[in-house]
Structures are given as structure tokens and as C-alpha cells.
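Q: next come a sequence and a model predicted from it.
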Amino acid sequence: MLKTRIITALVLLAVLLPVLYSNNFTAFAVVATVFFGAAIWECFRLFNPTSSKAPVVAAFWTAAFAWAFFGPNAGNPVFWFAISLLLWALRFAPSLKIGLPPLDSTANTLLSVVYAVSLVGCFAAIVVLYAYSPLYLLSVMAIVWAADIFAYFSGKAFGKRKLAPSISPGKSWEGAIGGGIAVLVIATLVIAFGGQALANTFPVRVQASLGWAATYAILVLIVAASVVGDLFESQLKRRAGMKDSSNLLPGHGGVLDRIDALVPVLPLAALIGAWL
């Protein structure tokens, strides 16, 4: 499994990094649309695991996404960021406590559409953050990756109190806190010693505009949002009886398995960037 994970990761890097740094917006648009389509397909499979309509639904949403954000009359994506964040604050985060509706209910169908809207916000944010610069986009993603990696090691070393035992028994409060502390330390080092090479990263830009206190508060909020995103997808998979959202990425599961923590974070970062 480890060998498969490494090979898949190397292939993804070989495809994605040249696209990000090629300054070819058409290639970026194609790749972003393909990944959005995969995420939407997985989304509707998680909400309707016995349905055969997921490919048709995904095709419709993907075509609408491509037209809305890469077509001749591309609109203002800030609306989608705000809507996405409201959905996470008012519906998805509370579900970690109150639970999800039954799979065969109308409420579940409506929730699937609402989650798809949040995915639109996530990928619209990818478009906007990429427009700032590929490094800016990667710096936001790196915050989430660092939080996840250090949460794993902190949880292994110190984890005692379960964060959400009925959803993801392996996660602990100590792990989440350790991940957050690691992000603050890394961001501090980047801001203090990154120099011109890292001047166009998210932490540096936020600190330059808002100061240290606000930067730390925003980073903590981002880490918290990433944990919620991760747990919510785990909740969807547990309800659907699935280990992974799909097998599209051998050794890694599906696209949603790799971006679940990013779904609420990227619209938040893009909204902050637009505000700055």
C-alpha cells in the first residue's frame, strides 16, 4: 500500500506542478474541471450509494461549473465563498453533533445539493487563489497539510481524549491542538525568515496587512475549519458504509479523501484574500 501511495503521489505531482507553474490557464482550467467532476461524482455516491445516477448528475454540475468559472461570462466568485462558509457554519459543522438525515430521505437529497454547492465554493476558491499565484494557492494548502501531518504525530504521542469517537475514533483533541501549534510555529518561521522567496504566501500577506495577532487567529480558524471538513467527510463515509470516497487515486482513495479538509478552508482563505 505504501508503494502504491508513493507512486500515485509522484504521478499527481508530475501532472499538477507543471500545470500550476506553466502559466497556461487553459491547462489549469481543464485540470481543475476534471478534479471538480471527480469530487462531485464522489459526493453524490456518498449521499446516494445505491443510485446509478451519480455520473449524470456529476456531468451536469461539471458542465455548469466550467461555464460559470471558465466560460466567456465568468461571474464574481466571492458570492460562492460566502455561501460556502455559511453552509459550513450553519449546517455541516452542526451535523457533527446532531447527525445526518437517513439516506433515503428528502432531507438527504437536499443536503447532497448543499454539499455540492460547497464544493463549487471550494473549486472557485482554487481558481481565485491560483490567480493570485500558484505559490499563494499552495501556501494555503500547505497549512492544512501541516496541520494534518502534525496532528497525526501529536495524536500518536499524546492522544487521550477522543475528538469525535463516533465519527473518527483515531482523532484526538491533543492531536488537533498539536497540529494547530505546529502550523503557528511554521507560519512564524516563514514570516520571519522566508524573505522575498516566500513573500507571496498566505501567512506573509495576512501578517503584513493585519499584524501578528490577527494572523494567528486566522490560522487557528483555518486549522479548526480543516478538522471540521475532515470529520464531515468521515461522517458521510461512515453513514454510507464506505472506507474511501472512491478508488480513483490508488493508495489514497478518492479525490474527496484528499481534499476533504480543504473544502471549507479554501473559500475562507479566498474570502480573506479578497478582503485584503
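A: All right, it came through fine.
Q: show me what contacts the closest residue to S51 other than its chain neighbours?
A: Of all residues not flanking S51 in the chain, F44 sits nearest, at 7.3 Å (Cβ to Cβ, 6 or more residues apart in numbering). Yep, even glycine has a C-beta here, placed from its N, CA and C like the rest. Contact partners of F44, counting by Cβ atoms under 8 Å, 6 or more residues apart in numbering, are S51, K53, A54, V57, A58, S112, A116.
Q: which residues touch the second one?
A: Pointing back at K53 there. If you count contacts by Cβ under 8 Å, 6+ apart, K53 has them with F44.
Q: so how far is L110 from it?
A: 16 Å (Cβ to Cβ, to the nearest Å).
Q: picking up where we left off before, host element of the residue nearest to S51?
A: Per DSSP states H and E, F44 falls inside helix 25-47.
Q: mean confidence (pLDDT) on that helix, please.
A: Helix 25-47 carries an average pLDDT of 96.
Q: in that helix, what's buried?
A: Using 16 or more other Cβ atoms under 10 Å as the test for burial, helix 25-47 gives 28-29, 32-33, 35-47.
Q: elements contacting whatever helix or strand A68 lives in?
A: According to DSSP H and E, A68 maps onto helix 54-70. If contacts are counted by 3 or more Cβ pairs under 8 Å, 6 or more residues apart in numbering; DSSP states H and E, helix 54-70 sits against helix 25-47, helix 106-132.
Q: alpha carbons only: can I get stretch 95-113 in CSV?
A: Provided in CSV are the C-alpha atoms of stretch 95-113 (Å, rounded to 0.1, in the frame of the first residue of the first chain):
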residue,chain,number,x,y,z
SER,A,95,-24.1,17.9,11.9
LEU,A,96,-21.1,16.6,13.6
LYS,A,97,-23.2,16.8,16.8
ILE,A,98,-26.7,16.4,15.6
GLY,A,99,-26.0,13.7,12.9
LEU,A,100,-27.1,13.3,9.3
PRO,A,101,-30.5,12.5,7.9
PRO,A,102,-31.3,9.0,6.7
LEU,A,103,-30.0,8.1,3.2
ASP,A,104,-33.5,7.5,1.8
SER,A,105,-34.9,10.9,3.0
THR,A,106,-35.7,14.1,1.1
ALA,A,107,-33.5,15.9,3.6
ASN,A,108,-30.6,13.8,2.5
THR,A,109,-31.2,14.7,-1.1
LEU,A,110,-31.3,18.4,-0.2
LEU,A,111,-28.1,18.0,1.8
SER,A,112,-26.3,16.4,-1.1
VAL,A,113,-27.1,19.5,-3.2
